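Asks: what shape does this take:
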Amino acid sequence: MIVIVGSGPAGVSAAWPLLDAGLDVHMIDPGVDRAGPSALDARSFTERREDDDEQWRVFLGGDAAILANASPKLRAPEFAHVFAGFRERYRIAPDGFAAHGSLAPGGLSNAWGSGVGAFSDAELAEYPVKRADLAESYRAIAERIGISGSPDDDLAGWFGGGYPLQAPNPLEPPVTALLARHERRRRTGRADRRFRLGRPQQAVLTADLGERRACNRSAMCIYGCHRRAIYSAADELAALRARPGFTYSPGWFVTRVERDEGAYAVHAVATRGSATRTFAAERVLLAAGTLGSTKLALELIGAYELARPLLTTPVLTFALVQPEALFGRPPDYGFALGYLAYALELARLPGAPEIFGGLLPTAGMPPSELYGRLPLLRPFARSFGAWLWPRLLVSACFFPGRFSASSLRLRRDGALAIEGGYTGELRPAIGEAVRALRREFRVLGATLLPGTTKLTRPGEEMHYGGTLPMRAEPRHGETDADGRLAGLDGVHVVDGAVLTSLPAKSHTMTIMANADRIARRIAVRAR
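Replies: Numbers count the residues shown, from 1 in each chain. Coordinates of the predicted model:
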């Protein structure tokens, strides 16, 4: 019996190849679900805002405490259960770090930005695997979850290929003009090749796939997709449960894993009540999310009071304004998780690090997201912001993990202490990035709005990795190319904890592909 701890993207991606090989798989998951029915329906964002007297149910919910969180997705009532109880269950003690995780079926994929992409050999330089080792798994993941994007624009090769793509969502006219200007500059050789602009690759359906329905551009993406066009690992659980050899046990929180006479004992406590249970396993795959899996692994090997690096991808947010967008009616519909994407090489910095970002419409966000960022007195900012906001583009710009200085350690009392921080190189990198982005977008007819740049707290982006890195020759507290903890043949870590380095590129698809690859190798050894 192979036990998988966690039902997020890594857990389900590992389960499929094991089942295909005829192996028995038992997935254990806290299974924390929403307390009541969903408030989502077929109405668009605009219809909700203009005609719904109870729109607070989907935009604010009944808990005013969510207003203190920084991310719009963290404030969405539809996702309240996704983040509930995580820090308390794992006894996480953060200091200057926004520690997030999930106990819900599907994990953090219930509330993510949907960005995907394949790592290149350059981005895998520190890994004990190459792009070719992941190629089959990237293809399998894309076929299973559905990915939309462009196969031939400026970013197509940067994202990686070799897997099927659905067509991207259509663009609104001002954004179409911005992209067309960049394409003209690229064709005529006037574009700076250090700056790339194109369509994002996203785990979002633009054509129906199974029981999931294509995006209808209702602009409700940040608050939840009732059509399930945005991929969530939770959507795969029904199909997994229908497979012979698969057992799913929700309602159990794994507290520790122990060696037990050549096998392993997985100890868990009920998420409701105080019942306990022990699951026997020949092999254990840890897929509880970077923080959860790291704590279970460190307890298993007895690595207490040892500080370990925790990689994140720092995020800079800003807003852009296009003059042609100011004089037309703002769109009523759209896909709110990203129209365009860009990559920029910071050539003046040592090592020429590459940053990556997306351009999002504001059609699916209330103007309160802009209040306080405009360099105006508040009464004017509110009225002017309400008019300006739906005519803007906003960006989340990711910097690679080399700028992260966060760390974690497992304390003797069982708490996981996390200290957040950024390196001293980040501020100069941000300055160079803002100058370069302002220049590039100005040429394309968009102005970076003064006063809107903001650096998020360490960990706020929920891109975590590097705590149990894969190495060709792993040492204590590291993993090998199969995700096995050094010195333990039967425990594999298959989520973000084993990522050796974090580029600015979205990493979820690589986590899934790596979990698929590891599971295939386990299956071959089992046969």
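Asks: nearest residue to the middle of the protein?
Replies: With the centre of the chain defined as its mean C-alpha position, the nearest residue by Cα atoms, centre = their mean is residue 112, 5.0 Å away.
Asks: how about that residue: what's its closest non-neighbour residue?
Replies: Nearest residue to residue 112, sequence neighbours excluded (Cβ to Cβ, 6 or more residues apart in numbering): residue 508, at 6.8 Å. (C-beta placed from N, C-alpha, C; glycine too.)
Asks: show me the contacts for the one you found.
Replies: With contact set as Cβ atoms under 8 Å, 6 or more residues apart in numbering, residue 508 has these partners: 9, 109, 112, 115-116, 203.
Asks: now do 7 Å
Replies: The neighbours of residue 508, taking Cβ atoms under 7 Å, 6 or more residues apart in numbering as the test, are 9, 112, 116.
Asks: and the helices in the stretch 151-300 of the chain, which stretches?
Replies: Taking DSSP state H, counting those that start in this stretch as the criterion, the stretch 151-300 of the chain contains helices spanning 156-159, 173-187, 237-241, 290-301.
Asks: looking at those, which is nearest to residue 100?
Replies: The minimum distance between residue 100 and the helices of the stretch 151-300 of the chain falls on helix 290-301, with 8.4 Å, by Cβ to Cβ.
Asks: name every strand pairing with the following helix or strand past the closest one and say which way it goes.
Replies: As assigned by DSSP states H and E, the chain's next helix or strand after helix 290-301 is strand 308-310. Here strand 308-310 has these sheet partners by DSSP bridges: strand 406-410 (antiparallel).
Asks: now the strand it pairs with, how far from the centre of its chain.
Replies: From the chain centre to the centre of strand 406-410 is a distance of 21 Å (Cα atoms, centre = their mean, to the nearest Å).
Asks: from residue 201, how far off is the residue nearest to residue 112?
Replies: Relative to residue 201, residue 508 is positioned 11 Å away (criterion: Cβ to Cβ, to the nearest Å).
Asks: can you tell me what sits against stretch 474-494?
Replies: Stretch 474-494 is contacted by residues 10, 14, 128-129, 257, 264, 282-287, 293, 297, 300-301, 303, 308, 468-471, 498, 514-515, 518, 521-522 when judged by Cβ under 7 Å, 6+ apart.
Asks: drop anything exposed from the residues you listed.
Replies: For the contacts of stretch 474-494, burial is judged from neighbour counts taken by 16 or more other Cβ atoms under 10 Å, and it is met by 10, 14, 128-129, 257, 264, 283-287, 293, 297, 300-301, 303, 308, 468-471, 498, 514-515, 518, 521-522.
Asks: those residues in strands, which ones?
Replies: 257, 264, 283-286, 308 (DSSP state E).
Asks: and the helix or strand hosting residue 393 with helix 173-187, angle?
Replies: Following DSSP H and E, one finds residue 393 within strand 392-398. Between strand 392-398 and helix 173-187, the angle comes out at 50 degrees (axes from the mean of the first three to the mean of the last three Cα atoms, to 10 degrees).
Asks: the stretch 301-450 of the chain: strands as residue ranges?
Replies: Taking DSSP state E, counting those that start in this stretch to define them, one finds strands in the stretch 301-450 of the chain at 308-310, 315-321, 340-345, 354-361, 392-398, 406-410, 416-419, 447-448.
Asks: quick check, pLDDT for residue 220.
Replies: Reading off the confidence values, residue 220 has pLDDT 87.
Asks: what stretches of the protein score poorly on pLDDT?
Replies: With pLDDT under 70 as the threshold, the chain has low-confidence stretches at 61-71, 368-381.
Asks: how much space separates the residue sitting furthest away from the middle of the chain from residue 270?
Replies: The centre of the chain is farthest from one residue, residue 261, which by Cα atoms, centre = their mean lies 37.7 Å away. Using Cβ to Cβ, residue 261 is found at 26 Å from residue 270.
Asks: quick one, what contacts residue 49?
Replies: When contacts are counted by Cβ under 7 Å, 6+ apart, residue 49 touches residue 55.
Asks: please identify the helix or strand for it.
Replies: Mapping residue 49 onto the secondary structure by DSSP H and E places it in helix 45-51.
Asks: now do that helix: distance to the chain's middle.
Replies: Averaged C-alpha coordinates place helix 45-51 at 28 Å from its chain's average position (Cα atoms, centre = their mean).
Asks: any buried residues in the helix or strand following that helix, and which?
Replies: On the C-terminal side of helix 45-51, the nearest following helix or strand under DSSP H and E is helix 56-59. By 16+ other Cβ under 10 Å, the buried positions in helix 56-59 come out as 58-59.
Asks: do the same with stretch 384-402
Replies: With burial defined by 16+ other Cβ under 10 Å, the residues of stretch 384-402 counted as buried are 385, 388-402.
Asks: what's the distance between the residue nearest to residue 112 and residue 465?
Replies: With distances taken as Cβ to Cβ, residue 508 is found 11 Å from residue 465.
Asks: one more: residue 456?
Replies: Taken as Cβ to Cβ, the span from residue 456 to residue 465 is 17 Å.
Asks: go on, residue 471?
Replies: Relative to residue 465, and taking Cβ to Cβ, residue 471 is found at 14 Å.
Asks: quick one: terminal-to-terminal distance for stretch 72-91?
Replies: Start to finish, the residues bounding stretch 72-91 are 25 Å apart (Cα to Cα, to the nearest Å).
Asks: would you mark the buried spots in it?
Replies: For stretch 72-91, a neighbour-count test (16+ other Cβ under 10 Å) marks 72-87, 89-90 as buried.
Asks: count of residues packed around residue 435?
Replies: Neighbour count of residue 435, defined by other Cβ atoms under 10 Å: 13.
Asks: next one: residue 323
Replies: Residue 323 has 10 neighbouring residues, counting by other Cβ under 10 Å.
Asks: so how far is residue 332 from it?
Replies: Using Cβ to Cβ, residue 323 is found at 21 Å from residue 332.
Asks: ok, now residue 519?
Replies: Here the criterion is Cβ to Cβ. By it, residue 519 lies 44 Å from residue 332.
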